[in-house]
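Chemist: Fold the stuff below for me.
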Amino acid sequence: MPEYKTITAVIKPALERKLTLGESVLLDECAESGLSREAVFGKMKKQFDVMKKAAEDASAPGVEGPLYFGDAYKIKQGIEKGIIPNDMTARAVQIAVAVNGWNSLSGKVVATPTGGSCGILPGVIISAQKEWGYDDDKAVMAIFAGAGMGIPIAYNGTLSGSVGGCQAECGSAAAMAAAALTDLRGGTPEMCAHAFAIACKASMGLICDPIGTVSCPCVKRNGMFAAVAISAAYMALSGVESIIPPDEMLTAFCSVSLDVAKKFNKLEYKVGVQCTPFACSLDPKLFRH
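Modeler: Predicted structure coming up:
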């Protein structure tokens with residue numbers, strides 16, 4: 001993993017090399033790991049294959065479990081029946097819900113950056129493929145851009161929901177996906193950084209409060225934050241910049257994430273939706289495998 005401690009550290013090499021952010025991150029990963037470009041790229045492509053398979057398998061009818069009632073299939077039907085528009089955002093929401101729902105049922109997923117947020121980046125990138133016809137190689141290269149932008153969060157804060165709330169999971173995933181989509185659409189490294197910063201703002205203070213399993217509220221949050229990522233990328237691609245510089249936004253984001261769990265620590269007591277009468281009424285046996 002390249003030692004990116006700031007957002008500047010991620011984008012500066014790309015600017016110096018006059019490469020896209022994804023291509024630059026790939027080169028840095030090759031240098032750090034000692035592996036060839038083909039090996040590093042091939043590993044990421046295999047992970048993308050897992051993402052696509054999870055999205056497909058989890059969108060089938062009858063995919064249900066405790067507190068997950070086939071929501072991905074319902075949204076898919078909503079799109080196919082014209083109840084909701086067949087556009088990129090709707091498809092991204094559907095895929096994000098599908099993949100994270102699959103995770104809640106112990107299906108095979110890729111942590112991006114965690115299991116609790118594993119639907120967001122696939123939702124954004126797979127839906128962008130359908131929207132604009134990108135091949136898998138282009139999509140995979142964009143994922144490198146998103147991955148690179150997640151590293152400074154790991155260095156300065158946390159990607160763990162138990163430590164930093166759902167902000168650390170869904171917020172980080174949305175910021176990474178926003179940067180990835182911006183890169184995929186030909187945005188500059190600076191635009192990727194602003195997309196990252198804009199997306200970070202949307203999740204500040206989000207707590208981690210799953211009930212029973214990660215089926216609730218995590219799955220629906222994945223759908224919501226896929227839409228956040230797309231919105232942030234669209235802003236950045238249009239020339240909108242984060243008023244707070246990206247490195248300063250990173251610091252603020254990580255600071256809040258580390259502070260939030262001090263008050264809302266699900267490991268010590270119930271928080272958020274865990275305190276609702278519905279959650280308190282659930283039989284723990286329902287969630288035993």
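Chemist: Ala145 is in contact with Leu21, isn't it?
Modeler: Yes - with contact defined as Cβ atoms under 8 Å, Ala145 and Leu21 form a contacting pair (4.1 Å). The C-beta positions use only the backbone N, C-alpha and C, and glycine is treated the same way.
Chemist: Now the common contact residues for the two.
Modeler: In terms of Cβ atoms under 8 Å, 6 or more residues apart in numbering, Ala145 and Leu21 are both contacted by the residues 179, 183, 192.
Chemist: Quick check: ChimeraX command selecting the buried ones in these.
Modeler: To isolate the buried ones among the shared contacts of Ala145 and Leu21 in ChimeraX, judged by 16 or more other Cβ atoms under 10 Å, type:
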select :179,183,192
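Chemist: Same list (the shared contacts of Ala145 and Leu21) but as CSV, adding pLDDT and distance to Gly223.
Modeler: CSV is the format used below for those (pLDDT from 0 to 100; distance: Cβ to Cβ, whole Å):
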residue, pLDDT, distance to Gly223
Ala179, 98, 19
Asp183, 98, 22
Cys192, 98, 23
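Chemist: Which member of the shared contacts of Ala145 and Leu21 is positioned nearest Val110?
Modeler: Ala179 (17.1 Å; Cβ to Cβ).
Chemist: Could you measure from the closest one over to Gly148?
Modeler: Per Cβ to Cβ, to the nearest Å, Ala179 is found 8 Å from Gly148.
Chemist: same deal with Ile230?
Modeler: According to Cβ to Cβ, Ile230 and Gly148 sit 19 Å apart.
Chemist: For the two, indicate the residue with more neighbours.
Modeler: Set Ile230 next to Gly148 and count neighbours by other Cβ atoms under 10 Å: Gly148 wins out with 31 against 25.
Chemist: The more buried one sits in which helix or strand?
Modeler: Assigned by DSSP states H and E, Gly148 falls within helix 136-156.
Chemist: What mean pLDDT does the following helix or strand past that helix get?
Modeler: Tracing the chain C-terminally past helix 136-156 and defining elements by DSSP H and E, one meets helix 161-166 next. The average pLDDT within helix 161-166 is 90.
Chemist: The nearest residue to Ala193 once chain neighbours are set aside: neighbour count?
Modeler: Using Cβ to Cβ, 6 or more residues apart in numbering and skipping residues adjacent in sequence, the residue nearest Ala193 is Pro246, 4.1 Å away. Using other Cβ under 10 Å, the number of residues around Pro246 comes to 28.
Chemist: What of Asp135?
Modeler: Neighbours around Asp135, by other Cβ under 10 Å: 8.
Chemist: repeat for Glu38
Modeler: Glu38: 9 surrounding residues under other Cβ under 10 Å.
Chemist: In terms of helices and strands, where is it?
Modeler: Applying DSSP H and E, one finds Glu38 within helix 37-58.
Chemist: Much appreciated, bye for now.
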